[in-house]
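>>> sequence first, predicted coordinates after that:
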Amino acid sequence: MTSFAAQPKPFLHALKGDTADRPPFWLMRQAGRYLPEYRKVRARAGSFLDLCYTPKLAAEVTLQPLRRYGMDAAILFSDILVVPHALGQELAYVEGEGPKLAPIRTSADLKRLTTGRLHEVLGPVYETVRLVRAELPEEAALIGFAGAPWTVATYMVEGGGSKDFGHVKRFAYGDPGGFGELIRLLVEATTDYLSRQIEAGAEAIQLFDTWAGALPEDAFRRWVMEPTRAIVEAVRKKHPGIPVIGFPRGAGSLYEAYAETAGVDALGLDTAVTLDEAQRLQKRVTVQGNLDPALLLVGGEALERAVHDRLAALGAGPYVFNLGHGVMQATPPEHVGALAEMIRRWPETRKGL
Ligand code: CP3
């Protein structure tokens with residue numbers, strides 16, 4: 001039986017639509033280069049991929065931000081591109097340039113990919129999940145994650161980051177059947193990958209669709225909403241009740257349709273979503289977000305005002321405080337501390353309003 005007493009994790013409560021005297025919080029990219037202790041472990045690991053595939057070190061960096069700031073959730077330390085890597089696509093993270101992959105641009109290129117070694121390559125990630133769960137403070141929850149098929153496909157087809165998504169759109173619009181094969185493969189691999197994370201101890205999952213906003217409506221429905229719905233449905237079949245957060249960054253006026261079709265428990269909101277719109281969406285699902293990461297970089301009064309505005313507008317409904325995108329590398333660690341304090345003090349602050 002799951003009762004309030006048996007489930008002391010505020011983050012999981014919020015994902016199920018409950019409210020509390022203050023919202024739980026965590027930050028996208030809360031582990032990373034803005035933290036000196038991360039940079040130390042990262043240097044010891046050698047390459048970024050080595051860090052992702054070394055469970056002891058990956059577990060350590062997963063827990064670092066919680067030790068400093070007491071977030072209500074840890075997010076598994078890994079990357080969305082380990083899935084294409086495990087499907088056999090060559091991948092390297094080039095210092096200062098980001099990820100580089102040997103591009104997959106046609107149906108014929110798809111033959112280079114196979115699910116045969118998926119769990120062999122990703123085994124260390126599941127081990128990281130087990131290690132983190134064993135060490136996690138009991139009131140904190142562990143989030144597993146994957147990239148959503150569209151966003152992962154953009155990197156696979158472009159061969160890295162992109163400004164105009166020319167190659168991936170050429171494939172998707174020019175050969176929807178062939179591109180559909182790639183998306184189907186990603187739906188299958190991502191479903192298995194997330195299921196294994198849950199079996200290893202992940203208590204909620206987030207699907208990152210960073211480049212969802214690059215697509216017009218019909219393509220958004222086909223390549224963002226549909227594959228996400230398929231993954232959520234398949235994961236829930238194996239793991240009923242697992243909370244799912246969808247983050248279709250840049251979805252704009254399609255956020256609501258996404259939430260409904262994909263069937264997510266919570267919606268990650270990017271910085272462009274207004275607080276009015278967030279309140280409207282909050283009537284249907286838990287919302288998460290959407291402080292501008294640049295405000296966390298700047299700190300001071302601008303940060304305080306924006307944090308306060310979000311807590312006041314969204315704190316009474318089902319809400320998870322977060323950023324609208326990841327923590328920026330130049331963010332002073334003490335600004336994150338100030339943010340954590342503001343959220344913790346919110347029940348007192350609210351009384352004084
Ligand atoms: O703390 C966390 O949020 C967990 C770990 C995490 C990372 N990447 C670690 C990482 C998560 C959830 C991600 C997701 C991810 N990765 C996304 C979706 C979210 C987003 O930010 O839009 C995307 C698009 C990627 C792909 C990716 N990984 C890029 C484009 C880059 C290079 C950019 C950069 O910041 O260097 C990465 C590398 C990466 N992933 C780093 C980290 C900490 C930096 C690598 C390093 O330490 O050298």
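Looks like it came in fine.

>>> please enumerate the strands of the stretch 1-150 of the chain.
73-75, 91-94, 98-101, 141-147 (DSSP state E, counting those that start in this stretch).

>>> buried deepest among these, which one?
Of all the strands of the stretch 1-150 of the chain, strand 73-75 has the most neighbours on average by mean count of other CB atoms under 10 Å, namely a mean of 25. Where you see a C-beta, it was placed from the backbone N, CA and C, and this is true even at glycine.

>>> list the contacts of that strand.
Strand 73-75 is contacted by residues 11, 24, 26, 28, 30-31, 62-63, 65-66, 132, 136, 140-143, 145, 204, 206 when judged by CB atoms under 8 Å, 6 or more residues apart in numbering.

>>> restrict those residues to contacts with the ligand.
With CB under 6 Å from any ligand atom as the criterion, those include Met28, Gln30, Ala31, Phe145 near the ligand.

>>> reformat the residues you listed as JSON lines; add pLDDT.
Shown next, in JSON lines, are these (pLDDT from 0 to 100):
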{"residue": "Met28", "pLDDT": "98"}
{"residue": "Gln30", "pLDDT": "98"}
{"residue": "Ala31", "pLDDT": "98"}
{"residue": "Phe145", "pLDDT": "99"}
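
>>> any idea which of these is closest to the ligand?
Closest approach to the ligand among those (CB to the nearest ligand atom): Ala31, at 3.8 Å.

>>> anything in stretch 295-310 near the ligand?
No - on the criterion CB under 6 Å from any ligand atom, stretch 295-310 is out of touch with the ligand, staying 13.8 Å away.

>>> list the buried residues of that stretch.
Leu295, Leu296, Leu297, Gly299, Leu303, Ala306, Val307, His308, Arg310 (16 or more other CB atoms under 10 Å).

>>> in these, find the pair that's most separated.
The span of these, defined through CB to CB, is set by Leu297 and His308 at 17.8 Å.

>>> where in the chain is pLDDT low?
1-7 (pLDDT under 70).

>>> once you drop chain neighbours, what's closest to the one residue in the stretch 51-200 of the chain that gets nearest to the ligand?
The ligand sits closest to Gly98 of the stretch 51-200 of the chain, with a gap of 3.7 Å, by CB to the nearest ligand atom. Leaving out its chain neighbours, the residue that sits closest to Gly98 by CB to CB, 6 or more residues apart in numbering is Gly161, at 5.2 Å.

>>> so the one you found sits against Leu101, correct?
No - contact criterion CB atoms under 8 Å: Gly161 and Leu101 do not qualify, at 10.4 Å.

>>> nearest to the ligand within the stretch 251-353 of the chain, name that residue for me.
Gly326 (4.2 Å).

>>> rewinding a little: looking at the ones next to the ligand among the contacts of strand 73-75, state which has the most neighbours.
Gln30 (26 neighbours; other CB atoms under 10 Å).

>>> let me see the contact set for that one.
Counting by CB under 8 Å, 6+ apart, Gln30 touches Pro65, Tyr69, Met71, Ile75, Val327, Val336.

>>> top of those by neighbour count?
Pro65 (27 neighbours).

>>> quickly list what's touching both of Gly161 and Leu101.
With CB under 8 Å, 6+ apart, Gly161 and Leu101 have common neighbours Tyr155.

>>> how about stretch 73-82, does it reach the ligand?
Yes - using CB under 6 Å from any ligand atom, stretch 73-82 reaches the ligand at Ile75, Phe77, Asp79, Ile80, Leu81.

>>> if you count neighbours, what's buried in the host helix or strand of Asp218?
Using DSSP states H and E, Asp218 maps to helix 217-220. Buried residues in helix 217-220, defined by neighbour count with 16+ other CB under 10 Å: Phe220.

>>> what helices or strands is it leaning on?
The contact analysis (3 or more CB pairs under 8 Å, 6 or more residues apart in numbering; DSSP states H and E) places helix 217-220 against no helix or strand.

>>> what are the C-alpha coordinates of it, in PDB please?
Listed next in PDB are the C-alpha coordinates belonging to helix 217-220 (Å, rounded to 0.1, in the frame of the first residue of the first chain):
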ATOM      1  CA  GLU A 217       2.400  21.800 -36.300                       C
ATOM      2  CA  ASP A 218       1.900  18.700 -38.500                       C
ATOM      3  CA  ALA A 219       5.600  17.600 -38.200                       C
ATOM      4  CA  PHE A 220       5.400  18.400 -34.400                       C
END
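
>>> which element follows it toward the C-terminus?
Per DSSP H and E, the first helix or strand lying C-terminal to helix 217-220 is helix 226-238.

>>> and the angle for that following helix with strand 141-147?
140 degrees (axes from the mean of the first three to the mean of the last three CA atoms, to 10 degrees).

>>> list the helices and strands helix 226-238 packs on?
Short answer (3+ CB pairs under 8 Å, 6+ apart): helix 226-238 packs on helix 149-158, helix 176-200, strand 204-209, strand 244-248, helix 255-262.
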